[in-house]
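Asks: the following comprises the amino acid sequence and a computationally predicted model.
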Amino acid sequence: MRRHLLIVLIAVLGLLAGCASFPDEGPRDWQDKIEGQGELGGPPSVADPQEDDGDSGGGGGSPQQGGPQVAAGCVDPDPQVVATCLDPVGAVAVLPNGQAALVGERATGRVLRVERDKEPVLVSTVPVDPSGGGGLTGLVLSPTYAEDQLVYAYATTPEDNRVLRLAPHEPPKPVLTGIPKGPSGNAGALGVDAGNTLLVATGNAGGAPPESLAGKVLRIDTLGRPATANPDPASPVLGTGLAAPGGICTDATTQSAWVTDRAGPRDVLYRVRPGPLGPPAWTWPDRPGVAGCMARPGVIAVALERATALSVLRPAPDGSFTGAPETLLTGVYGRLTAATLGSDGLLWLGTSNKAGGTPVPSDDRVIRIQPPSGGGASRA
């Protein structure tokens, strides 16, 4: 009898233990989070335990590496993805509400309004020639967008590279023309400086004459006229020495402007200044394909196209850098091109996986994530 009671007691205890559960029931394997991935709000790139090569640094997996979410057609379950099934993205301009953006497709010249859970809406089509690295590579809202609803685009045409103005229900209108077009170095970028004038980064068009508008940082007003504060008030040229710029961005707090450039044997980041741009603020000898950039106090984020990642630098108050930048989102979304900051402080990115990468069914995409936080200078 005593033996029978002991067996019953053991069975009851086992049953009670089996009823205990955590809120997320179901079997799961514990995996360490890769440092730096979670702070961006995107899916962490966690090494597959069945394919462990001894390196858990998140270096180079597919966009779905380490996660159960897999895109099916144009439906992407990643909550950070705003728009899918686009052509390779050349530029992104975030609308004032921070929830929607205008996206420029590099090779088609289409400008689309995108917002999560809504179909993209065609806003305008800019005639483009995508040869020589060109196409639609720059978009920025007018400094007075709330009043005029104007958008500016940088595009390569069969004749030249130019800045165009896009107004609602009107065809694109030229603002600044005659920027040389060549066999390479046609990409450009647009930004707005602290004085609410337009910044235009132009490629060198494969070796255009130095007196031309190629290979320059230009500063113009919204009518295409030289800004009065330029070194030569009669010229739109602010700075010189670019080769193939990928992005230009301004820190609204420090009023510093930065431009990325693929400068032959290395990729570089310049701090924009009048005259020759001088020595770069940072260099990447491995040429990861610097593209668009975002600047805010204590942090500069640079999209990397070839390296399929985001490079994060943290400048000191004097604008200098030490140590090495952080490399985040490696392989999570593929080739990153456009990068810009929304009014709500979130970082928007565009991809170009159909143009030489390994696209997933939902490519190319626009992503909206929490940007890396600022801080002191980068440390080795």
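Replies: Perfect, thanks for sending it.
Asks: going by C-alpha atoms from here, please, whenever you check contacts or count neighbours.
Replies: Noted.
Asks: output the below-cut-off pLDDT ranges for the stretch 151-300 of the chain.
Replies: Judged against pLDDT under 70, the stretch 151-300 of the chain has no low-scoring part.
Asks: which residues of it fall in strands?
Replies: 151-156, 161-166, 173-179, 188-192, 198-202, 216-220, 237-240, 245-250, 257-263, 266-271, 275-276, 282-284, 290-296, 299-304 (DSSP state E, counting those that start in this stretch).
Asks: now the first one and strand 188-192, what's the angle there?
Replies: By that I understand strand 151-156. Here the directions of strand 151-156 and strand 188-192 differ by 160 degrees (axes from the mean of the first three to the mean of the last three Cα atoms, to 10 degrees).
Asks: tell me how many other residues surround residue 195.
Replies: By the measure other Cα atoms under 10 Å, the count of residues near residue 195 is 12.
Asks: apart from its neighbours in sequence, what residue is nearest residue 352?
Replies: Among residues not flanking residue 352 along the chain, residue 88 sits closest, at 4.2 Å (Cα to Cα, 6 or more residues apart in numbering).
Asks: please apply the same query to residue 213.
Replies: Residue 213 sits nearest to residue 179 (Cα to Cα, 6+ apart), 5.3 Å away.
Asks: hmm, that neighbour is touching residue 214, no?
Replies: Yes: if you go by Cα atoms under 8 Å, residue 179 and residue 214 touch, sitting 5.9 Å apart.
Asks: which one's more surrounded, the two?
Replies: residue 214 (32 against 23).
Asks: next, show the common contact partners of residue 179 and residue 214.
Replies: Common neighbours of residue 179 and residue 214 are listed as residue 202 (criterion: Cα atoms under 8 Å, 6 or more residues apart in numbering).
Asks: tell me the phi and psi of residue 133?
Replies: For residue 133, the backbone dihedrals (degrees, to the nearest 10) come out as phi 80, psi 10.
Asks: list the contacts for it?
Replies: By Cα under 8 Å, 6+ apart, the neighbours of residue 133 are 184-187.
Asks: so residue 152 versus residue 244, what's the distance?
Replies: 20 Å (Cα to Cα, to the nearest Å).
Asks: try residue 164
Replies: From residue 164 to residue 244 the distance is 20 Å (Cα to Cα).
Asks: one more: residue 190?
Replies: 13 Å.
Asks: same check, this time on residue 353
Replies: 20 Å.
Asks: of the two, who's got more company?
Replies: A direct count of neighbours by other Cα under 10 Å for residue 353 and residue 244 places residue 244 higher, at 29 against 23.
Asks: helix, strand or coil for the residue nearest the centre of the chain?
Replies: Nearest to the mean C-alpha position of the chain, counting by Cα atoms, centre = their mean, stands residue 339 at 2.3 Å. Secondary structure assignment for residue 339 (DSSP: H, G, I helix; E, B strand; the rest coil): strand.
Asks: mind listing what it touches?
Replies: Residues in contact with residue 339, defined by Cα under 8 Å, 6+ apart, are 91-92, 247, 291-294, 302-303, 347-350.
Asks: which one of those is nearest residue 117?
Replies: residue 348 (16.0 Å; Cα to Cα).
Asks: my read: the closest one touches residue 336, true?
Replies: No: using Cα under 8 Å, residue 348 makes no contact with residue 336, being 10.4 Å away.
Asks: give the burial count for the closest residue to residue 325 other than its chain neighbours, as a bare number.
Replies: The shortest distance from residue 325 to any non-neighbouring residue, by Cα to Cα, 6+ apart, is to residue 313 (4.8 Å). Applying other Cα under 10 Å, we find 27 residues neighbouring residue 313.
Asks: ok, residue 313 to residue 189 distance?
Replies: With Cα to Cα as the criterion, residue 313 and residue 189 are 20 Å apart.
Asks: what's the mean pLDDT across stretch 107-125?
Replies: For stretch 107-125, mean pLDDT is 97.
Asks: likewise for stretch 135-143?
Replies: On average, stretch 135-143 scores 97.
Asks: can you list contacts of that stretch?
Replies: 90-95, 103-109, 126, 128-130, 148-157, 186-192, 196-197, 222.
Asks: filter these to the buried ones?
Replies: 90-95, 103-109, 126, 128-130, 150-157, 186-192, 197, 222 (16 or more other Cα atoms under 10 Å).
Asks: partner residues bridging residue 112?
Replies: As for beta bridges, residue 112 partners with residue 103, residue 122 under DSSP bridges.
Asks: actually residue 283, not the one I wrote
Replies: According to DSSP bridges, the partner residues bridging residue 283 are residue 268.
Asks: my guess is it contacts residue 266. True?
Replies: Yes: counting by Cα under 8 Å, residue 266 is a contact partner of residue 283 at 6.6 Å.
Asks: does the residue nearest to residue 352 touch residue 356 like I think?
Replies: No: taking contacts as Cα under 8 Å, residue 88 lies outside contact range of residue 356: 9.8 Å.
Asks: so for the two, which sits in the more crowded spot?
Replies: More neighbours surround residue 88 than the other of residue 88 and residue 356, with 25 against 11 (other Cα under 10 Å).
Asks: need the contact list for the more buried one.
Replies: Residues in contact with residue 88, defined by Cα under 8 Å, 6+ apart, are 105-107, 350-355, 364.
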